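> Provided below are the primary sequence and the corresponding predicted coordinates.
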Amino acid sequence: MKGAHLWTLSMSLTMFVIVPGTGQAQTLAESLGEPIALSLGDAGDVIPPPLGRWEFTFGGRAGPPVGRLQVGEFHGGQGTPGGAPGTRLSLNTLGIHVSEAIEAGVAFHITADDAVRLSGLHYFLRGDSTPGQSVVYNGEEFKPGALQANADFTRVDLAYERALWRAPLDELIGSIGLAYVYFNPTLTGHGHSNSEDFYLQELPVPIAGLRWSHGFGEHWLLRFGVSGGGLPEVNSGRKEGGTVFLQQAHADADAGVAYRWRGGAELEIGYHFAYFFQHEKSQEDINDFKLIDNGVRMRFNVRF
């Protein structure tokens with residue numbers, strides 16, 4: 001967690017230092033060599049075209065999450081049989097008041113209009129609490145007292161992107177792909193831990209999205225993006241006390257302002273919304289997780 005705080009602070013300082021005034025940006029651009037300008041009409045403004053086939057992205061998010069976690073074990077094989085359904089725990093109850101996330105991605109532009117993108121996101125969701133009553137998790141009872149929660153998860157996306165529409169100042173990109181989530185939430189209390197391996201029943205989830213960019217001035221871009229997808233209740237193909245059925249949904253939206261240097265680098269800051277829901281059910285288990293997150297997002301992108 002300390003590493004995530006340090007990363008968020010360093011990115012904030014980086015943004016403060018490297019976003020220059022217009023004159024400074026021109027000097028930096030000239031140091032990278034003469035760009036090939038793309039005319040934007042009578043206004044005479046120019047935005048340099050993207051450079052090269054490879055694109056790398058690094059970024060982070062922070063916000064106040066809300067949601068819930070519930071893990072039930074119906075046969076009592078790992079704990080107290082009487083607590084089988086599991087306690088429905090809000091993230092606030094678990095002491096998870098702040099979310100942090102780091103993201104990275106790489107894209108290969110096959111043509112001027114087509115690209116394949118691989119991206120990864122790791123969410124830090126950790127908290128400390130002192131419940132006044134027992135908590136039942138995965139068939140085990142945690143007596144009242146100090147409780148630590150770790151609901152971190154990792155998401156990996158593979159997507160194909162296509163330019164759907166272009167104008168001198170605007171660009172609309174569509175995408176379609178798959179998302180996979182590794183989630184293994186853990187509760188720790190009274191010197192012992194219990195975790196539930198959601199990832200064992202996970203399936204790749206189809207995702208589609210749109211991203212629109214609008215240029216204004218010589219270096220600035222306004223950008224909006226939406227994406228989402230999911231699975232209805234489906235047979236996961238896994239067995240755990242019977243067939244495991246999986247239901248999952250994702251939704252993401254962001255809006256931000258980006259500053260683009262003529263050398264191919266870009267810094268974006270803005271708002272991000274994220275929704276993640278996962279539900280697993282079998283004769284033995286009922287596991288449920290929901291996250292709704294709003295926050296600030298910062299992203300650095302370079303293409304060469």
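That came through fine. Everything numeric here is computed off the predicted structure, so don't read it as measured data.

> only C-alpha atoms for contact and neighbour calcs from this point on.
Will do.

> The host helix or strand of L291 packs against which elements?
Taking DSSP states H and E as the definition, L291 sits inside strand 285-303. Contact here means 3 or more Cα pairs under 8 Å, 6 or more residues apart in numbering; DSSP states H and E; on that basis strand 285-303 packs against strand 54-63, strand 66-73, strand 265-281.

> mean confidence score for that strand?
What strand 285-303 shows for mean pLDDT is 95.

> Only the buried residues of that strand, if you could.
Buried residues in strand 285-303, counting neighbours by 16 or more other Cα atoms under 10 Å, are found at 285-303.

> picking up where we left off before, of all the helices and strands packed on strand 285-303, which one is nearest S227?
strand 265-281 (9.7 Å; Cα to Cα).

> for that closest one, the distance to its chain's centre please.
Strand 265-281 sits 4 Å away from the centroid of its parent chain (Cα atoms, centre = their mean, to the nearest Å).

> neighbouring contacts of it?
With contacts defined as Cα atoms under 8 Å, 6 or more residues apart in numbering, strand 265-281 is touched by 15, 61, 198, 201, 244-260, 286-303.

> The same query, at a cut-off of 7 Å, please.
The set of residues external to strand 265-281 that reach it, using Cα atoms under 7 Å, 6 or more residues apart in numbering, is 244-260, 286-303.

> Could you spell out the sheet neighbours of that strand, each with its direction?
Under the criterion DSSP bridges, strand 265-281 sits next to strand 243-260 (antiparallel), strand 285-303 (antiparallel) in its sheet.

> out of those, which comes closest to R68?
Among these, strand 285-303 sits nearest to R68 (Cα to Cα), with 5.3 Å.

> okay, that closest one in CSV with CA atoms only?
The C-alpha coordinates for strand 285-303 follow below in CSV (Å, rounded to 0.1, in the frame of the first residue of the first chain):
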residue,chain,number,x,y,z
ASP,A,285,-20.7,-21.6,-2.4
ILE,A,286,-22.4,-18.2,-3.0
ASN,A,287,-19.8,-15.5,-3.5
ASP,A,288,-20.6,-11.9,-4.3
PHE,A,289,-18.5,-8.8,-4.9
LYS,A,290,-19.4,-5.3,-6.1
LEU,A,291,-17.2,-2.2,-6.6
ILE,A,292,-18.3,1.3,-7.6
ASP,A,293,-15.4,3.7,-7.8
ASN,A,294,-15.2,7.4,-8.7
GLY,A,295,-11.9,9.3,-8.7
VAL,A,296,-9.1,11.1,-10.3
ARG,A,297,-7.1,9.4,-13.1
MET,A,298,-3.7,10.4,-14.5
ARG,A,299,-2.1,8.8,-17.5
PHE,A,300,1.1,9.3,-19.5
ASN,A,301,1.3,8.0,-23.0
VAL,A,302,4.1,7.9,-25.6
ARG,A,303,4.1,6.6,-29.2
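
> the inter-axis angle of it versus strand 54-63?
130 degrees (axes from the mean of the first three to the mean of the last three Cα atoms, to 10 degrees).
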